[in-house]
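K.L.:
Sharing a model that was predicted from the sequence below.
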Protein chains: 2
Amino acid sequence: MPELRLNHITKEWVIIATERAKRPEDFKSRGIKKHPPAFLPTCPFCPGNESNTPEEVFRITEGDQWKLRVVPNKFAALHRDAERIRKNAGIKHSISGFGVHDVIIETPVHNMTTALLPLDRVSEIISTYKKRFIEMHSDSSIGHVIIFKNHGESAGTSLEHPHSQIIGTPVTPFQIRERIEEALRFFDITGECLVCKTTAEEKAEGARVVFETEHFLAFIPYAAISAFHTWIFPKRHAASFSDITEAEIPDLALNLKTVLAKLYFGLNNPDFNYTIRSNKPRDSRSESFHWYMSIVPRVSTTAGFELGSGMFINTSLPEESAKFLREVSVPLPNENPAL
Amino acid sequence: MPELRLNHITKEWVIIATERAKRPEDFKSRGIKKHPPAFLPTCPFCPGNESNTPEEVFRITEGDQWKLRVVPNKFAALHRDAERIRKNAGIKHSISGFGVHDVIIETPVHNMTTALLPLDRVSEIISTYKKRFIEMHSDSSIGHVIIFKNHGESAGTSLEHPHSQIIGTPVTPFQIRERIEEALRFFDITGECLVCKTTAEEKAEGARVVFETEHFLAFIPYAAISAFHTWIFPKRHAASFSDITEAEIPDLALNLKTVLAKLYFGLNNPDFNYTIRSNKPRDSRSESFHWYMSIVPRVSTTAGFELGSGMFINTSLPEESAKFLREVSVPLPNENPAL
């Protein structure tokens, strides 16, 4: 029998459609996977083609070589040099396209992926996220900074070389405001942070846990919006990602890499998106909001129902998916089976 | 230069990314289109296979033949015979999977599409929507009814035989509640219905209008979430789709069919979703909410940015897309070039 479950973070109901439910194995990516080369001469992110990207804003090096580069997006959605003009004409409100849009080239190796990267490299990516997140927010015209990764064509990427993106927008998205307000309402009623409470309950129940490290808990939400949708919640209360500590960064790297490796080996390298949801640094003292990561494998399609209602139909059981991922064995964090 | 525009209905900002903008022609579907047969012996919706669907709840006939059938979804997301049990355990809230999930088989002809259907058939589909919408809502346990169509694989359909779906859920989706509340806030401040006001302003400005009929205005929203996203707004204020009149039904059919035909001929039969957003019949007297149709062609991919922020990046200019669609000439409503 199907069941509706409330996603308390989004306040949206999800239909867990057991009638249509598939076994976890059925979500394995069956598409013919391309096996790209380690170096592609025509790739703008491959070493030697540095002049094909806009001028670099940051790099991490190892000897003569770069290991990671941050460059402005050549086809930026928003521009840092745009004028900052707001127009309010009746019901038409617009803002000139001011903002920041960076690309983080995560590795010089064209066919690498986070699941297989050495752990310290994943830590460097997360450290870079933190650095750029704080830098972008230092301009008070920036209302929100969103960190995300698109892996694979169905997840919306146009370049296969491993990269993630950071966009700073001149507004706070309505959806983010809603989440912040809902977290505050929960706090006002219960005196508790909803994310802290959820972390404690998920850990105690255990059925939906995917992987736990010292500082982070990865689990499939009770009302996951789609199959293998995974949240990584920091155990320590912190409203803003900018507050992640030097001790927590490698721990998050281990957690993220392990979850992605479980997806990689368990579901045959599915396309996925991940994103970090966070308050801005200046609101980091909030008692009610709590930053977290969300990973959404692209193993199902949203359709008119989701578009028209905002609700989701999930054709998998979160508890079964979590059990499946828990049991996927992955190489040790610094072991790279691809090398 | 890019521009951010506020979508007043959703209250979300959309980035109109002119730097990445494509010409309207660039959104033409380039995939190799399958040319399915008019009759497919293995299709559960084709004539002769009626026993392969759950027991019919409604049909429209012509002589001995059915022209349209309504059947429960064989793989229903929700069940009408389910117990109605709510569980509230700490932060876990669930409801047994009670609800209604119908499929409207729109035509016996396997390879037909709304863009090419005779006008009176499209009217019959809309009349059927109205009938089932009212019937489903007559059960007060149903909190919301969503009418939608998935056309094509990337729009989430698994069966190519033309059909749409109606789902009645035991809850009102959070997103719908938000829209209703935002409409009410706008009304409280201005004394105006936002949809009525938008319709009047779009008609006066004209730049984003796609097609106008006596009772409906089709236009690309000022802050369209993606290329060729189209709204069809009723000119007469009505909160619930259940109030559509006998005079308005064929007029909506003409408007909808024409818009879909413009997409079909102008963009080479792109995949699309459409949906009707409506208050429930018992709330039909609302001064602030106003029902409407939304059509979203699947000509672009949402990625981590959209997922993580709720904002959209649109790589087309609404005014250019609308001009393009206005200029696509389509056969007269009752002319079928496929026959």
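P.N.:
Cool, the structure landed.

K.L.:
list the helices and strands the helix or strand harbouring A:E181 packs on?
P.N.:
Here A:E181, judged by DSSP states H and E, is contained in helix A:174-190. Identification of packing neighbours for helix A:174-190 by 3 or more CB pairs under 8 Å, 6 or more residues apart in numbering or on different chains; DSSP states H and E yields helix A:194-205, strand B:12-16. C-beta: built from backbone N, CA, C; applies to glycine.

K.L.:
right, so those: which one is the most enclosed?
P.N.:
Mean neighbour count (mean count of other CB atoms under 10 Å in any protein chain shown) peaks for strand B:12-16 among the helices and strands packed on helix A:174-190, with a mean of 24.

K.L.:
show me what contacts A:S226?
P.N.:
Contacts for A:S226 (CB atoms under 8 Å, 6 or more residues apart in numbering or on different chains) come out as A:296-297, A:299-300, A:302, A:312, A:314, A:316.

K.L.:
hmm, back to that, can I get the helices and strands packed on helix A:174-190 in a markdown table with distance to A:S242 and mean pLDDT?
P.N.:
A markdown table is the format used below for these (distance: least, CB to CB, whole Å; pLDDT from 0 to 100):
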| stretch | distance to A:S242 | mean pLDDT |
| --- | --- | --- |
| helix A:194-205 | 16 | 97 |
| strand B:12-16 | 23 | 94 |
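
K.L.:
Which one, of the ones you listed, ends up nearest to A:E56?
P.N.:
A:E56 lies closest, by CB to CB, to one member of the helices and strands packed on helix A:174-190: strand B:12-16, at 24.0 Å.

K.L.:
So what's the gap between the closest one and the chain middle?
P.N.:
Chain-centre distance of strand B:12-16: 21 Å, with CA atoms, centre = their mean, to the nearest Å.

K.L.:
So what are the sheet partners of that strand and their directions?
P.N.:
Using DSSP bridges, the strands paired with strand B:12-16 are strand B:3-7 (antiparallel), strand B:312-314 (parallel).

K.L.:
nearest residue to A:L260 other than its sequence neighbours?
P.N.:
Leaving out its chain neighbours, the residue that sits closest to A:L260 by CB to CB, 6 or more residues apart in numbering or on different chains is A:A115, at 4.3 Å.

K.L.:
ignore the last one, A:T18
P.N.:
In space, and not counting its chain neighbours, A:T18 is closest to A:P2: 5.4 Å by CB to CB, 6+ apart.

K.L.:
so where do the helices sit in the stretch 1-150 of chain A?
P.N.:
Taking DSSP state H, counting those that start in this stretch, the helices of the stretch 1-150 of chain A run over residues A:119-137.

K.L.:
Which residues of it lie near chain B?
P.N.:
Residues of the stretch 1-150 of chain A lying close to chain B by CB under 8 Å from any CB of the partner chain are A:1-6, A:8, A:10-13, A:15-20, A:75-79, A:82, A:90-97, A:144, A:146-150.

K.L.:
Which among those count as buried?
P.N.:
Using 16 or more other CB atoms under 10 Å in any protein chain shown as the burial test, these include A:2-6, A:8, A:10-13, A:15-17, A:19-20, A:76-79, A:82, A:91, A:93-97, A:144, A:146-150 as buried.

K.L.:
Return the residues of the stretch 201-339 of chain A in contact with chain B.
P.N.:
Residues of the stretch 201-339 of chain A that fall close to chain B, judged by CB under 8 Å from any CB: A:201, A:222, A:273-277, A:294, A:296, A:301-305, A:307-311, A:313.

K.L.:
Filter those down to just the buried residues.
P.N.:
By neighbour count, with 16+ other CB under 10 Å, those hold A:222, A:273-277, A:294, A:296, A:301-305, A:307-311, A:313 as buried.

K.L.:
Return the subset of the residues you listed lying in helices.
P.N.:
A:304-305, A:307-309 (DSSP state H).

K.L.:
Those into CSV, with extra columns for pLDDT?
P.N.:
Output for these, formatted as CSV (pLDDT from 0 to 100):
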residue, pLDDT
A:G304, 90
A:F305, 91
A:L307, 88
A:G308, 90
A:S309, 91
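
K.L.:
for these, which one is nearest B:R121?
P.N.:
Of these, the one sitting nearest to B:R121 (CB to CB) turns out to be A:G304, at 20.0 Å.

K.L.:
Quick check: beta-bridge partners of the nearest residue in space to the closest one that is not next to it in sequence?
P.N.:
Among residues not flanking A:G304 along the chain, B:F148 sits closest, at 3.1 Å (CB to CB, 6+ apart). Taking DSSP bridges as the rule, B:F148 bridges to B:Q165, B:T275.

K.L.:
A:V259: neighbour count?
P.N.:
Using other CB atoms under 10 Å in any protein chain shown, A:V259 is surrounded by 27 other residues.

K.L.:
need the contact list for the closest residue to it other than its chain neighbours.
P.N.:
Closest residue in space to A:V259, ignoring its immediate chain neighbours: A:A218 at 4.9 Å, by CB to CB, 6+ apart. A:A218 makes contact with A:209-212, A:230-232, A:255, A:258-259, according to CB under 8 Å, 6+ apart.

K.L.:
of these, buried ones?
P.N.:
A:209-212, A:230-232, A:255, A:258-259.

K.L.:
out of the residues you listed, who's nearest A:E181?
P.N.:
A:W231 (19.7 Å).

K.L.:
List the beta-bridge partners for that closest one.
P.N.:
For A:W231, the beta-bridge partners under DSSP bridges are A:F219, A:S294.

K.L.:
Identify the residues contacting it.
P.N.:
With contact taken as CB under 8 Å, 6+ apart, A:W231 is in contact with A:218-221, A:292-295.

K.L.:
Take the buried ones among the contacts of A:A218 and keep only those in strands.
P.N.:
Of the buried ones among the contacts of A:A218, the ones assigned to strands by DSSP state E are A:209-212, A:230-232.

K.L.:
Output the contacts of A:A218 in CSV, with distance to B:N269 and pLDDT appended to each entry.
P.N.:
Below are those laid out as CSV (distance: CB to CB, whole Å; pLDDT from 0 to 100):
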residue, distance to B:N269, pLDDT
A:V209, 46, 98
A:V210, 41, 98
A:F211, 44, 98
A:E212, 49, 98
A:T230, 36, 98
A:W231, 39, 98
A:I232, 41, 98
A:N255, 45, 98
A:T258, 44, 97
A:V259, 39, 98
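
K.L.:
And the furthest pair within those?
P.N.:
Pairwise over these, using CB to CB, the maximum falls at A:W231 and A:T258, 14.3 Å.
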